[in-house]
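Trainee: here is a sequence with its predicted model. Questions after.
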Amino acid sequence: MAKIIGGLATSHIPAIGGAIAKGLQNDPYWKPFFDGFGPAREWLAKEKPDVAIVFYNDHGLNFFLDKMPTFAIGAAPEYYNADEGWGIPTLPPKKGLPELSWEIINHVIEKEFDVVTCQEMLVDHAFTVPLKLFWPNEDQPLVVPVCINTVQFPLPSAKRCLNFGRAIGEAVANWKSDAKVVVIGTGGLSHQLDGKRAGFINKPFDLKFIDSMVDDPEWATQYSILELVEKTGTQGVELLNWLAARGAIQGAVHKVHSNYHIPISNTAAATLVLEAA
Amino acid sequence: MSASHEIYGTTPFDGAMAMKGYALNKMCFSFNHAHNRAEFKGDEETYMKKYGLNEQQATAIRNRDVLGLLAAGGNVYYLAKFAGIFGLDVQDLGSMQTGLTKDEFKARLVAQNQQPDTLA
């Protein structure tokens, strides 16, 4: 049986992609953020996962408002990045694992999560930038993209996302494979790009949320989506991706590493590495 | 969907907004492609007509009015592609929406480090 060995989470700010392309990792503005990835890369070098399931939200590359799935799962042999309109470099395609994608799709639909399935799926910066951060040499494992709508309300609740992640964790545990699987949640933490409240950041909430990811993932499910928007900003609600990833890890976890830095772009940027017990 | 209470300076992008802003957002979504960005830059008015923007949306586009674009149903994820045509980043957008200069907006972000570490 396959095993989820742990979870990673990080912000997915587009400007990070630009900073990597320009080699600004040691620039004083960027260094406190990039320095947060050393321990994550060390953990990955030691554990060598074969597959990464990536929970993220699309920002208008693959999905538009004509068809907006609440949950979508990629089932493609390869996933392409493409021009997003504002000039960050396009990253190389990522190899998929359709066998696992269908294990997950079959199981979660049986568990009444009626996902959209995608045999072609462009993946945007929210997918590619975290992979580049965790595996800067592009030696990434095979991937399964799981896209959660954080664009058009109503969004799935925090509780729903946590339970969706749990269903995916069950699917992996049932999968007849000896693969080592890691889950990744991308986005957040607190930030708001739009409106007069642009620039909103909530440091104490973020730090509490990071702590809760370790031993109390239910904590954030006490809040409605609008309460989460109020507490974390209109884009801070991307923490739903973190919750879903956390839900996929069965049993207890311990924290290997975390990093929190204000600001990168308009965002309170955070990184977290959890290892399954 | 209705909010239990208003959140200052925030409009959840719900079904009503998604319908209201559909043409505007669809035009901005088209800016994923370089040839569309070039076509827009070549003749903004014709391009807006092609996507059926209403007058409120067209005026906000002409004025580069971010709050006006949001009020006209724009969603920031798509509007960012419009902003990108002019090389504007999200600190520029923040500045334009808050009335701060870009440097003031950036300084305000840095100042958020002074928030307490723990919830009250």
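Mentor: Nice, thanks for sending it over.
Trainee: okay, CA-based contacts and neighbour counts for the rest of this
Mentor: OK.
Trainee: show me which residues of chain A are close to chain B?
Mentor: Within chain A, the positions adjacent to chain B are A:59-61, A:64-65, A:83-87, A:151-154, A:193-205, A:207-208, A:226, A:230, A:234, A:262-263, A:265-266 by Cα under 8 Å from any Cα of the partner chain.
Trainee: now do stretch A:1-16: distance to the chain's middle.
Mentor: 6 Å (Cα atoms, centre = their mean, to the nearest Å).
Trainee: in it, what counts as buried?
Mentor: A:2-16 (16 or more other Cα atoms under 10 Å in any protein chain shown).
Trainee: ok, A:Glu112 - how many residues close by?
Mentor: Look at A:Glu112: counted by other Cα atoms under 10 Å in any protein chain shown, it has 10 neighbours.
Trainee: next one: phi and psi at it?
Mentor: Dihedral pair for A:Glu112: phi 70, psi 20, per degrees, to the nearest 10.
Trainee: returning to that earlier point: mind checking which of the residues of chain A next to chain B are buried?
Mentor: Judged by 16+ other Cα under 10 Å, buried ones among the residues of chain A next to chain B: A:59-61, A:64-65, A:83-87, A:151-154, A:193-203, A:205, A:207, A:226, A:230, A:234, A:262-263, A:265-266.
Trainee: how about residue 113: what's its closest non-neighbour residue?
Mentor: In the absence of a named chain, this looks at chain A. A:Phe164 (7.0 Å; Cα to Cα, 6 or more residues apart in numbering or on different chains).
Trainee: not quite, go with chain B.
Mentor: Per Cα to Cα, 6+ apart, closest to B:Asn113 is A:Ile262, 6.2 Å.
Trainee: any idea of the pLDDT on that neighbour?
Mentor: Looking at A:Ile262, its pLDDT stands at 97.
Trainee: that one in helix, strand or coil?
Mentor: Assigned with DSSP: H, G, I helix; E, B strand; the rest coil, A:Ile262 falls in the strand class.
Trainee: my read: A:Arg166 touches A:Ala248, true?
Mentor: Yes - counting by Cα atoms under 8 Å, A:Ala248 is a contact partner of A:Arg166 at 4.4 Å.
Trainee: between those two, which one's more packed in?
Mentor: It is A:Ala248, of A:Arg166 and A:Ala248, that has more neighbours when counted by other Cα under 10 Å, with 27 against 21.
Trainee: which one is the more buried one nearest to, not counting chain neighbours?
Mentor: In space, and not counting its chain neighbours, A:Ala248 is closest to A:Gly169: 3.9 Å by Cα to Cα, 6+ apart.
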